[in-house]
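> got a sequence here, can you model it:
(2 chains)
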Protein chains: 2
Amino acid sequence: MTAVFRAERISAAQVLSGTRDLVRPALREAVAGLHPWLAEMAAYSFGWREGAEAGGKGVRQALAVLGARAAGADAGAGVPGAVAVELVHAFSLLHDDIMDGDANRRGRPALWKAYGTGPAVLAGDALFALAVGVLADVPGGVRLLSGALADVMRGQADDLLFASRPWTGPEAVTPEEYRVMAEGKTGALLGCSLALGALLGGAPRPVVAALDRAGRHAGVAFQLADDVLGIWGRPEVTGKPVGGDLREGKRTYPVLAALAAPEGARLPGLLRRHRTAEAAALIEAAGGRAAALAEARAHLAAARTLLDRLPLEPGAAAELGALLDALTDRER
Amino acid sequence: MTAVFRAERISAAQVLSGTRDLVRPALREAVAGLHPWLAEMAAYSFGWREGAEAGGKGVRQALAVLGARAAGADAGAGVPGAVAVELVHAFSLLHDDIMDGDANRRGRPALWKAYGTGPAVLAGDALFALAVGVLADVPGGVRLLSGALADVMRGQADDLLFASRPWTGPEAVTPEEYRVMAEGKTGALLGCSLALGALLGGAPRPVVAALDRAGRHAGVAFQLADDVLGIWGRPEVTGKPVGGDLREGKRTYPVLAALAAPEGARLPGLLRRHRTAEAAALIEAAGGRAAALAEARAHLAAARTLLDRLPLEPGAAAELGALLDALTDRER
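Below you'll find the model as predicted:
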């Protein structure tokens, strides 16, 4: 009871901040083993500069640590998994920015803009290899990671291919195709983070597998919330330009949902002419925003249902619940 | 005696061709598990098209299979290692071509030219992840691979940075820096190929480690021979433009050796003005070509000395010797 009481009062921000403090020394030590130039690029991409600790919120490392604690182990048991998933996440961001041609990341030039495409490709490769090395001696760890990565690559491939599909007709992207893409691109690594932590914490296989599935649902919810922010988020908070996703013609869920409604008929024309403000208003009027948020809530509920059935350490489970809720209720 | 007799008559070309036939089904099966678009790009990069079996010679897969056989196991025992190292090699070529801006590979457009930079980055990532997955359940396999990859990235980073160093003076690239770069960039994966095969074949740790070192020496010899071909090779055989390495200002060993000789004083000026034919003649006159070939022979001898001391299956050892000799005596 005490643990639950304590944990319920803890905010997601505290969970994230506490995990960053716990994981940082091991993450920095791993990066320090790279070639100095690669380590410099890694530090840039993590936002380690001028003594600051900017950079990502560290959702994946928090999931890994909570996975270990949920299995009844100390937080420290999850640290190798946390380091590995943060390295993989950093690698995937570096390569994503190249693939998507995104010149900015977290309000400053993307690594490929700052160092060049070739060096950014190499820095990503080095972070990927480092992540594999961190888990090389964890029984079952590399299998979990490589399975997740296969799904990440598959989701990424679909995401790139979606852009060349028509907006309407039999060749258009379906909501189910979107779900599979989002589960791969975003969910697989979130699921892997939780699962790796649980594995390191000594959880039995079925618990590891259930946490993986819960993390995947949370990832789809996260991607759906990201889609909403990509259209209606405030750029000073998201760090992305207004209407960027709409201008790039991304097949986000609010757009797919609006296209399925009668009001959405005018949407392809607006998107083609890059009339992003009108397109955003039309998507909202056609119910695209509400549909995306409802879908996000459904995936979050599925994640929580899975978690509720597992014999998890209560304090960690409560913190995990708070973190999952924050994933979809955010201003990034 | 019979095994040695039989093996001595086998040529490197036969060893390579036999291994390609042995490994091909497993390699194709692994690639078939990828997203269809990624599998298509992988097939392009392996040269699998129109029923042909073009593509690389498969040195790395042959080393993996010979490593297993040298340890006394069946050739088939080395196949998972062979698949993994060919996948890693293909991944590194895809990303190298992007880093180096090389528009052609094996006489046709590089993947990034044919499919775009983003898709080529992703295809490389997918091959990398697939290689890790192939070895995920081999005890010690991922540790060997990740160690090699760390050295590959380090060598690649040095190779990229060398281009911005001055040709002469205290900041110039030294032959020892070159050796470390070449051992990382080329030797680490060749060493890993042999070592992985031996590991899969059940060799004891010291044998695995010695084969790794032998493969690294062979890799440096291979890179030195590549440097010579990059300047004096026939383009219809190498598939590379005449003088490409010189035009790009690559810090190859023949250039470094020529710069160390008094006759090399005019070389930086010729290279800066892209007078590649004159530069090649000057490098040869200054002894750069002879020095590179002598260095290659020395590394090959070091590899053979290591191999001679190991208790290897004689037939496999003889084929391995023939393969290593062919690495530096080739017209690629």
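
> can you tell me which residues in the stretch 101-250 of chain A are near chain B?
A:101, A:117-119, A:121-122, A:124-126, A:128-130, A:132-133, A:135-137, A:142-143, A:145-147, A:149-150, A:152-154, A:156-158, A:160-161 (C-beta under 8 Å from any C-beta of the partner chain). C-beta: built from backbone N, CA, C; applies to glycine.

> where do the strands sit along the stretch 51-200 of chain A?
Ranges of strands in the stretch 51-200 of chain A, per DSSP state E, counting those that start in this stretch, are A:104-105, A:108-109.

> give me the sheet partners of the first one and which way each runs.
Right, strand A:104-105. Applying DSSP bridges, strand A:104-105 is found paired with strand A:108-109 (antiparallel).

> if I look at A:Gly230, how far off is A:Thr252?
Computed as C-beta to C-beta, to the nearest Å, the A:Gly230 to A:Thr252 distance reads 6 Å.

> common neighbours of the two, please.
A:Asp245 (C-beta atoms under 8 Å, 6 or more residues apart in numbering or on different chains).

> between those two, point out the one with more neighbours.
Between A:Gly230 and A:Thr252, counting by other C-beta atoms under 10 Å in any protein chain shown, A:Thr252 is the more crowded of the two (25 against 22).

> for the more buried one, give me its contacts.
So A:Thr252 contacts A:227, A:230-231, A:245, A:292 (C-beta under 8 Å, 6+ apart).

> change it to 7 Å
Contact analysis of A:Thr252 by C-beta atoms under 7 Å, 6 or more residues apart in numbering or on different chains lists A:227, A:230, A:245.

> neighbours of the closest residue to the second one other than its chain neighbours, how many?
What that stands for is A:Gly230. Closest residue to A:Gly230 apart from its sequence neighbours, by C-beta to C-beta, 6 or more residues apart in numbering or on different chains: A:Asp245 at 3.8 Å. The number of residues packed near A:Asp245 is 22, by other C-beta under 10 Å.

> quick revisit: deepest of the strands of the stretch 51-200 of chain A, which one?
Highest mean neighbour count among the strands of the stretch 51-200 of chain A (mean count of other C-beta atoms under 10 Å in any protein chain shown): strand A:104-105, with a mean of 18.

> quick check: mean pLDDT of that one?
For strand A:104-105, mean pLDDT is 85.

> per-residue pLDDT, the nearest residue to A:Ala77 once chain neighbours are set aside?
Spatial nearest neighbour of A:Ala77, excluding adjacent residues (C-beta to C-beta, 6+ apart): A:Ala68 at 4.3 Å. Per-residue pLDDT puts A:Ala68 at 98.

> now the closest residue to chain B within the stretch 201-332 of chain A: phi and psi?
Closest to chain B within the stretch 201-332 of chain A is A:Glu248: 12.6 Å, counting by C-beta to the nearest C-beta. Phi and psi for A:Glu248, reported as degrees, to the nearest 10, are phi -80, psi 0.

> so where's the stretch 101-250 of chain A uncertain?
A:237-239 (pLDDT under 70).

> in it, which spans are helices?
Here the stretch 101-250 of chain A has its helices, by DSSP state H, counting those that start in this stretch, at A:111-115, A:117-135, A:141-162, A:175-182, A:188-200, A:205-232, A:235-238, A:244-247.

> still on that earlier bit, so the residue nearest to A:Gly230 makes contact with A:Ile231?
Yes - A:Asp245 lies in contact with A:Ile231 (C-beta atoms under 7 Å); the separation is 6.1 Å.

> so which residue is dead centre in chain A?
A:Thr186 (4.7 Å; C-alpha atoms, centre = their mean).
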